[in-house]
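Engineer: output the structure for:
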Amino acid sequence: MSAKKTYVLVGSGGRAEFFYSAICTHYKETSQLLAFCDINQTRMDYANKRLVEKYDYPAVSTYKSDEFDKMIAEKKPDAVIVTSVDRTHHTYIIRAMELGCDVITEKPMTVDEEKCQEILDTVERTGKNVRVTFNYRYAPHHTKARELIEDGVIGKVTSVHFEWLLNTKHGADYFRRWHRDKRNSGGLLVHKSTHHFDLVNFWIGSQPETVFAFGDLLFYGRENAENRGETKFYERATGNKNAENDPFALHLDSNPHLKAMYLDAEHEDGYRRDQSVFGDGINIEDTMGVLVRYKNNAILTYSLNAYLPWEGYRIAFNGTKGRLEMTIVEQSYVNSGGDKALEGALKGKTMRVFPMFDAPYDVEVEEGVGGHGGGDPVLLNDIFGTPVDDRFHRAADHVDGARSILTGIAANRAIRTGLPVKIDDLVKFHK
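Structural biologist: Prediction:
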């Protein structure tokens, strides 16, 4: 039997458990976790407690963020898993490659074009591999859409209309935590829409060329709440009387997991996970519209709203032989607030083909099990298990990661300037 592949994990917050739980359970015969690295020792200690008590796995070494090089030197991992705050992804991705490690990074790969270029240059310089974990590619209904388009069922795709809805539970969560500062996350057009723009690239087999966008903060934030007549405000929900009856409030002391991971760790770094979504200091948009032309001349119209009554999306592909429509309703969630398998889990789906000169028909798709429409378990097997031959090439590398975020990065620039943005003006890809 071949030796286990070894990993260290940077960033022990909400997303980290998705990876370490897989290593500790289904893939413990092929994979080994060696260490955590984080700015916060309390949070790493809690992750170790989870390893021991929930997963019956031995506690691993811990290193503070300024000891990253020391960790790599002492543990000599095969790969570094990056699940830190988005704005720090590039730091660990680049340094890991320079120290001889491959990288598995949570999306988005990074948050702006300069950091993206640094990653592309480092891959070229070091020859190491960067894997971006686009779990949505692996959901059965998303793979089926790729198959139908690739097989020419609706002919050549000429336009796509894509409407994504984040509801008042999941959507609001981005406005409570570090994502609310665009310097940390790139805003939702980078942090969240990277999934969606990657799916379009994946589905139609093309690359974005020109991007234009509008976006604004029209629901969350104190000024919007004041304009609607709200008079009770607070900075954080936990322990605040003004938050007691607020449906948007997150009370960390009412959830033992969130309390241990965030409230009990505050004294180290001051991070507050339960900020008011109607507070000051929010500089990301909650209402966005994007127009994209692709290199194959297809046109995407895309909208994202973060305060809607249900969670999911509607998409329509128009082609030279017909139209494909999908409506997906997802389970809403608060990050790390419950069972990981419920994150983006399916509640309902329809897929329908409208041939140009024939009767429309429904497309049956196998039911995916697990988070993100059933994509999470398939992705994890692809990373830590035994990958199978994949006609659809769902595994995403640094180039896929770059092309997905560059649509959002270009959209952010268009919002700032009021001008269309050429993707080729943002970064240079290596041949």
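Engineer: name the element Asn184 belongs to?
Structural biologist: helix 182-185 (DSSP states H and E).
Engineer: for Lys115, that is, sorry about that
Structural biologist: Short version, using DSSP H and E: Lys115 is in helix 113-126.
Engineer: coming back round to it: which element follows the helix holding Asn184 toward the C-terminus?
Structural biologist: As the chain continues past helix 182-185, the following element, by DSSP H and E, is helix 188-191.
Engineer: chain center to that next one: distance?
Structural biologist: Centroid separation for helix 188-191 versus its chain: 9 Å, with C-alpha atoms, centre = their mean, to the nearest Å.
Engineer: now do it, average pLDDT.
Structural biologist: Average pLDDT, helix 188-191: 98.
Engineer: now the next helix or strand after that helix: buried residues?
Structural biologist: Scanning forward in sequence from helix 188-191 by DSSP H and E, the next helix or strand is helix 193-204. Buried residues in helix 193-204, counting neighbours by 16 or more other C-beta atoms under 10 Å, are found at Ser193, Thr194, His195, His196, Phe197, Asp198, Leu199, Val200, Asn201, Phe202, Trp203, Ile204. Backbone N, C-alpha and C define where each C-beta goes, glycine included.
Engineer: circling back: which residues touch the helix holding Asn184?
Structural biologist: Contact partners of helix 182-185, identified using C-beta atoms under 8 Å, 6 or more residues apart in numbering, comprise Val85, Asp86, Arg87, Val111, Tyr174, Trp178, His179, His191, Asn283, Ile284, Asn412.
Engineer: in PyMOL, select just the buried ones from the residues you listed.
Structural biologist: The following PyMOL line selects those of these that are buried, judged by 16+ other C-beta under 10 Å:
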select buried, resi 85+86+87+111+174+178+179+191+284+412
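Engineer: the contacts of helix 182-185 in helices, which ones?
Structural biologist: His191, Asn412 (DSSP state H).
Engineer: among the contacts of helix 182-185, which ones are in strands?
Structural biologist: Taking DSSP state E, every one of those sits outside strands.
Engineer: quick check: phi and psi on the spatially most central residue of the chain?
Structural biologist: What sits nearest the mean C-alpha location of the chain, by C-alpha atoms, centre = their mean, is Lys107, with 4.5 Å. Lys107 has phi and psi values of phi -80, psi 160 when expressed as degrees, to the nearest 10.
Engineer: contacting residues for the closest residue to it other than its chain neighbours?
Structural biologist: Distances taken as C-beta to C-beta, 6 or more residues apart in numbering place Thr194 nearest to Lys107, at 4.9 Å, with adjacent residues excluded. Shown in contact with Thr194 (C-beta under 8 Å, 6+ apart): Lys107, Pro108, Met109, Gly401, Ser404, Ile405, Gly408.
Engineer: and Thr194, how far from Arg15?
Structural biologist: Distance, Thr194 to Arg15, using C-beta to C-beta, to the nearest Å: 14 Å.
Engineer: again with Arg391
Structural biologist: Counting by C-beta to C-beta, the gap from Arg391 to Arg15 is 29 Å.
Engineer: the two: which has the busier surroundings?
Structural biologist: Arg15 (20 against 10; other C-beta atoms under 10 Å).
Engineer: do you know the pLDDT at Met1?
Structural biologist: Note on Met1: pLDDT of 44.
Engineer: contacts only, for Asn283.
Structural biologist: Taking C-beta under 8 Å, 6+ apart, one finds Arg180, Asp181, Lys182, Leu217 in contact with Asn283.
Engineer: cool, and Thr133?
Structural biologist: So Thr133 contacts Ile104, Thr105, Glu106, Lys107, Leu379, Ile383, Ala396 (C-beta under 8 Å, 6+ apart).
Engineer: could you measure from the third one over to Thr194?
Structural biologist: Just to be clear, that refers to Glu106. 10 Å.
Engineer: which neighbours do these two have in common?
Structural biologist: In contact with both Glu106 and Thr194: no residue, using C-beta under 8 Å, 6+ apart.
Engineer: poorly predicted segments of the stretch 201-350 of the chain, please.
Structural biologist: Where the stretch 201-350 of the chain drops to pLDDT under 70, the residues are 333, 335-344.
Engineer: tell me where it has helices.
Structural biologist: Using DSSP state H, counting those that start in this stretch, the helices of the stretch 201-350 of the chain run over 222-227, 256-261, 266-269.
Engineer: please look at Lys28 and Leu51 and confirm they touch.
Structural biologist: No: the pair Lys28 and Leu51 fails to qualify as a contact (C-beta atoms under 8 Å) at a distance of 11.3 Å.
Engineer: the two - which one has more neighbours?
Structural biologist: Higher neighbour count among Lys28 and Leu51: Leu51, with 21 against 16, using other C-beta under 10 Å.
Engineer: which residue, other than its chain neighbours, is closest to that one?
Structural biologist: Once flanking residues are discounted, Leu51 sits nearest to Tyr57: 4.4 Å by C-beta to C-beta, 6+ apart.
Engineer: so what's the residue count around that neighbour?
Structural biologist: Neighbour number of Tyr57 under other C-beta under 10 Å is 19.
Engineer: same check, this time on Glu118
Structural biologist: By other C-beta under 10 Å, the residues close to Glu118 number 16.
Engineer: now it: how far from Ile93?
Structural biologist: Glu118 is 9 Å from Ile93, where distance means C-beta to C-beta.
Engineer: kindly report the same for Asp397.
Structural biologist: Distance from Asp397 to Ile93, by C-beta to C-beta: 12 Å.
Engineer: which residues are common contacts for Lys28 and Leu51?
Structural biologist: Contacts common to Lys28 and Leu51, judged by C-beta under 8 Å, 6+ apart, are Tyr57.
Engineer: circling back: just put the contacts of Thr194 in CSV and tack on secondary structure.
Structural biologist: Shown next, in CSV, are these (DSSP: H, G, I helix; E, B strand; the rest coil):
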residue, secondary structure
Lys107, coil
Pro108, coil
Met109, coil
Gly401, helix
Ser404, helix
Ile405, helix
Gly408, helix
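Engineer: can you give me the domain boundaries for the chain?
Structural biologist: 5-132, 135-220+282-375+387-425, 222-269 (automatic domain parsing).
Engineer: ok, which of those domains comes nearest Lys431?
Structural biologist: domain 5-132 (9.4 Å; C-beta to C-beta).
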